[in-house]
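**Q** all I have is the shape, not the residue letters:
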């Protein structure tokens, strides 16, 4: 598929890429499985761990591949909520050309990116349980690898509602496509 938005990108004019994402209950990558196991051990107030349960020091090898989104009521043309980039790991940023996104809402990204990503966030908010998202980079001329993302829902620190998904901690695994 060639997306018209690729025409204005460096080297653009017709990147043949797949915008589709698939959602799974469990990650396939071993390091994401380890992260999921850790999430299950974090203390929970209700069904979710609080944001304070995540200590980045526990994951030095994975930290450059992580994202942290805060979910808030910032209404936009896509949804009645939005996701604010709170942390973008250095390896993630470099790999997916995402430098400088900290403090940016996902709805502020250029089309077609909000439409691509909001459905997976909708599911995370609805189900309030971890999920894996798989796909390939889109519109950045990096068709040589595919990724798997582990979404981990977190509640706000007390005294906020322990059942409401307020943060999404994401960790990325990538592999070269042969």
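**A** Yep, it's here. Predicted model, so just to flag it, every value in this text is computed and none were measured. Residues are numbered from 1 along each chain as shown.
**Q** what segments of the chain are helices?
**A** 30-41, 90-95, 113-127 (DSSP state H).
**Q** nearest to residue 59, of the ones you listed?
**A** helix 30-41 (7.0 Å; C-beta to C-beta). For the C-beta atoms, the positions are set from N, CA and C on the backbone; glycine is no exception.
**Q** what's the burial count for residue 45?
**A** Residue 45 is flanked by 16 other residues according to other C-beta atoms under 10 Å.
**Q** residues in contact with it?
**A** 155, 158, 162 (C-beta atoms under 8 Å, 6 or more residues apart in numbering).
**Q** please convert the buried members of those residues into PyMOL selection syntax.
**A** Here is the PyMOL command that selects the buried residues among the contacts of residue 45 (16 or more other C-beta atoms under 10 Å):
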select buried, resi 155+162
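**Q** dump the helices of the chain into TSV; add mean pLDDT and mean neighbour count as well.
**A** Converted to TSV, the helices of the chain look like this (pLDDT from 0 to 100; neighbours: other C-beta atoms under 10 Å):
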stretch	mean pLDDT	mean neighbour count
helix 30-41	95	15
helix 90-95	84	16
helix 113-127	91	16
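**Q** JSON lines for those helices, including distance to residue 69?
**A** Shown next, in JSON lines, are these (distance: least, C-beta to C-beta, whole Å):
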{"stretch": "helix 30-41", "distance to residue 69": "15"}
{"stretch": "helix 90-95", "distance to residue 69": "12"}
{"stretch": "helix 113-127", "distance to residue 69": "8"}
